[in-house]
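In: structure, please.
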Amino acid sequence: MTADLDPDEFRRAGYAFVDWVAEHRAALPGLPVVPPVRPGEVAAALSGPGAAFADGLLPEAPQPLATLLDEVERVVVPGSTHWQHPAFFGYFPANASLASVLGDLLSGGLGAQGMLWSTSPAATETEQVLLDGFARALGLGEAFTFPGGGGGVIQDSASSAALVALLAALQRADPRWQESGVDGRERVYVTAETHSSLTKAVRVAGMGARALRVVAAVPGTQAMSAAALADAVAADVAAGLRPVLVCATVGTTGTGAVDPVRDIAAVTAAHGAWLHVDAAWAGVAGLCPELRHVLDGAGLADSFCTDAHKWLLTAFDASLLWVRDAAALPAALSVTPEYLRNAASESGAVVDLRDWQVPLGRRFRALKLWAVVHAAGLEGLRAHLRGHVAAAVALAARVRAEPGVVLAAPPTLGLVCLRCVTADGGPDDAATRAVLERVNASGAAFVTHTVVDGRYVLRIAVGGVVTEAAHVEALWEQVRREAAAVRGPSTSSH
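Out: Down below sits the predicted model:
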C-alpha cells in the first residue's frame with residue numbers, strides 16, 4: 001500500500017502550502033531579519049512534550065500535513081534568518097523568487113533523475129539550450145556553447161564548479177593523473193581575496209596546502225597583479241613545478257574586487273595553465289551591456305562560473321558553469337560501470353551531464369531557471385540588476401558625504417564596504433564592529449563584515465528579490481544613527 005498522497009489529497013495540501021508561502025513572503029517585512037534565538041532553542045521546541053518529535057522520536061502514525069504548517073509557523077519561522085527579507089544585506093544575495101519556487105515544484109513533480117541523457121532527455125537538452133542562451137546573453141562568446149565546441153552545466157554551487165574545473169585542469173596538465181595521482185609539483189594560483197572554495201578544492205584533490213600560491217595584489221587594491229602572477233609562475237616553472245590552474249575572481253566575496261582577467265589570460269596562455277573565472281556573484285551583471293566591463297577577458301578563460309542563485313532570482317541551488325572544451329570535464333570525471341552503458345551514450349550523439357559533475361545523480365535544476373526566464377525575460381532580469389546597482393551607487397555617495405564614515409574599498413555593482421574612522425581619519429575597528437552588532441541586534445536589517453588590510457569592514461550587499469532603494473536608504477539612516485551613537489556627541493553628523 002502506498003504511503004503517498006493521491007492526486008486529490010496533493011491538490012488540497014498544495015493549495016494550503018502555496019497559500020502559506022505567499023502569506024509568509026507578504027509578511028516578511030514585519031519580521032526581524034535575524035531571529036532572537038539561542039543555540040538549542042529550535043531543537044528543544046521541536047522535541048518537547050506534544051511537539052513534532054516528542055522526546056526526540058519520530059512519529060509512528062501519519063500526521064495531517066496541516067500540522068506541519070503549524071509547526072513551521074510555531075518553530076521554524078521564529079528560528080530562521082530570513083534571507084528573502086528586503087533588509088537582508090549580508091554575505092551576497094540568495095534570490096529565491098516565487099517564480100523559481102514554482103519551477104522547483106515542477107522539477108519535484110516530475111521527479112526526474114537526469115544523470116544520463118537516456119534517463120531524462122528533456123532534462124539534459126533543456127539545460128543545454130538554457131546554458132547556451134545565457135552564454136550568448138552574457139557575452140561569453142559562441143565558444144562556450146555546445147554548438148561552438150564548449151558548453152554549460154548547472155552545478156549545485158560555485159564550490160563544486162571550482163572543484164571540477166581543477167580536476168579538468170589536472171587532467172589536461174597530466175593525462176596520467178587519474179592513475180598515478182598528483183606528484184606534488186602541481187601549483188594553483190589565487191589571491192588573498194579568492195573564495196575559500198579554491199583552498200577546499202585543492203584539499204579535496206589531494207594536492208596539499210603547498211600547491212596553493214597566493215599572488216600579490218595590485219598595490220592599493222585587492223585585485224590580482226598579473227605581473228606578480230607572471231613572476232610567480234615563471235619562478236615555479238624554473239624550479240621544475242607545474243602551473244595547473246589560475247583562479248581569477250570577478251567580484252570577490254570580501255570587497256567585490258575584480259581581477260584583470262584579460263591580463264591574467266595572457267600569463268596562463270604562455271604557460272598552458274587552466275584559467276578559471278569565478279564570477280559567482282558578479283558575473284550575472286554581464287546581462288546588462290553597460291555593466292559587462294566587469295567580464296572583460298572572460299571569453300579567454302577555460303572555464304567560467306556565475307551563480308543564478310545569488311543575484312538572478314533563482315532559488316538555491318543553481319550555479320552556472322561553462323567550459324570552452326566540451327571534452328574537458330568528461331575526460332577528468334567520467335567513470336562508466338556496465339549498468340550505465342546505453343546506446344545513446346555510446347553513439348556519441350548526446351551529452352551525459354553526470355560526466356560534468358562530481359555526483360552521479362542530478363536534479364532537473366533547469367526548470368526553475370527556465371521559470372525565472374519565462375516570468376521575467378531578459379528585460380526583467382536586467383531591471384532587477386540595474387535597480388540594485390543604482391541603489392548601491394546612491395549609498396556610496398551618501399557614505400562619501402558623511403563625516404566619520406568612509407568607503408573601505410571601491411564599490412562594485414551592488415556591494416558597498418565602509419568603516420568608521422576616528423576624528424583624525426584613522427580606522428576605528430571598535431566603532432565599525434559596534435555599528436554592525438547594533439544594526440543586526442535591532443532585527444531591522446542584517447549586514448556582515450570582512451577584514452581588509454587587517455581592518456574591520458562592514459559590507460552592505462544590495463540584491464534581494466524585493467529589496468528596493470527605500471530599504472537601502474532606511475539601512476543607511478540606521479547606520480548613520482548607530483555610528484553617531486558609538487562615536488559620541490563630539491562628532492557632528494549630517
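
In: quick check: the nearest residue to Asp296 once chain neighbours are set aside vs His276, distance?
Out: Computed as Cβ to Cβ, 6 or more residues apart in numbering, the closest residue to Asp296 that is not its neighbour in sequence is Arg262, at 5.5 Å. In short, each C-beta sits where N, CA and C put it, glycine included. Per Cβ to Cβ, to the nearest Å, Arg262 is found 15 Å from His276.

In: between those two, which is the more surrounded one?
Out: His276 (28 against 14; other Cβ atoms under 10 Å).

In: what's the single longest helix in the chain?
Out: helix 366-401 (DSSP state H).

In: what mean pLDDT would you report for that helix?
Out: Averaging pLDDT along helix 366-401 gives 98.

In: how about the next helix-or-strand element following that helix, which residues are buried there?
Out: Next helix or strand after helix 366-401 toward the C-terminus (DSSP states H and E): strand 405-407. For strand 405-407, a neighbour-count test (16 or more other Cβ atoms under 10 Å) marks Val405 as buried.

In: in its sheet, what does strand 405-407 sit against?
Out: strand 415-420 (antiparallel) (DSSP bridges).

In: which element is His82 on?
Out: Using DSSP H and E, His82 sits in no helix or strand.

In: which parts of the stretch 51-200 of the chain are strands?
Out: 151-155, 186-190 (DSSP state E, counting those that start in this stretch).

In: show me what the last one is packed up against.
Out: Going back to what we said before, that points to strand 186-190. helix 158-173, helix 196-204, strand 212-214, helix 226-238, strand 242-249 (3 or more Cβ pairs under 8 Å, 6 or more residues apart in numbering; DSSP states H and E).

In: ok now the lowest-mean-pLDDT helix or strand in the chain, how far from the chain's centre?
Out: None of the helices or strands of the chain scores lower by mean pLDDT, DSSP states H and E than helix 177-180, at a mean of 88. From the chain centre to the centre of helix 177-180 is a distance of 31 Å (Cα atoms, centre = their mean, to the nearest Å).

In: and that helix, which residues are buried?
Out: Trp177.

In: show me what that helix is packed against.
Out: helix 158-173.

In: for the closest residue to Gln63 other than its chain neighbours, which residues are in contact?
Out: The spatially closest residue to Gln63, leaving aside those adjacent along the chain, is Ala52, at 7.9 Å (Cβ to Cβ, 6+ apart). Contacts for Ala52 (Cβ atoms under 8 Å, 6 or more residues apart in numbering) come out as 46, 59, 63, 67-68, 71, 75.

In: quick one: low-confidence parts of this protein?
Out: Applying pLDDT under 70 to the chain picks out residues 1-2, 488-494.

In: can you do 90?
Out: For the chain, residues meeting the criterion pLDDT under 90 lie at 1-3, 48-57, 59-63, 66-67, 177-181, 424-425, 487-494.

In: on that earlier part again, any idea how far the residue nearest to Gln63 lies from Thr67?
Out: 8 Å.

In: before we move on, what about Val372?
Out: 32 Å.

In: repeat for Leu138
Out: 45 Å.

In: swap in Gly254?
Out: Counting by Cβ to Cβ, the gap from Gly254 to Thr67 is 44 Å.

In: buried set for the helix or strand where Tyr456 lies?
Out: Here Tyr456, judged by DSSP H and E, is contained in strand 455-461. If you call a residue buried by 16+ other Cβ under 10 Å, then strand 455-461 has these buried ones: 456-461.

In: I figured Arg419 hits Arg459, correct?
Out: No - Arg419 is beyond contact range of Arg459, at 10.2 Å (criterion: Cβ atoms under 8 Å).

In: pretty sure Thr126 contacts Ala366?
Out: Yes - if you go by Cβ under 8 Å, Thr126 and Ala366 touch, sitting 4.7 Å apart.

In: who has more neighbours out of these two?
Out: Ala366 (25 against 18).

In: list the residues that contact the nearest residue to that one once chain neighbours are set aside.
Out: Leaving out its chain neighbours, the residue that sits closest to Ala366 by Cβ to Cβ, 6+ apart is Glu127, at 4.1 Å. With contact taken as Cβ under 8 Å, 6+ apart, Glu127 is in contact with 114, 152-154, 353, 365-366.

In: re the thing from before, which one of the buried residues of strand 455-461 sits closest to Val21?
Out: For those, the closest approach to Val21 (Cβ to Cβ) belongs to Ala461, at 24.2 Å.

In: any idea what the closest one is bridged to?
Out: Leu415.

In: residues contacting it?
Out: 89-93, 414-415, 448.

In: redo that, cut-off 6 Å
Out: 89, 92, 415 (Cβ atoms under 6 Å, 6 or more residues apart in numbering).
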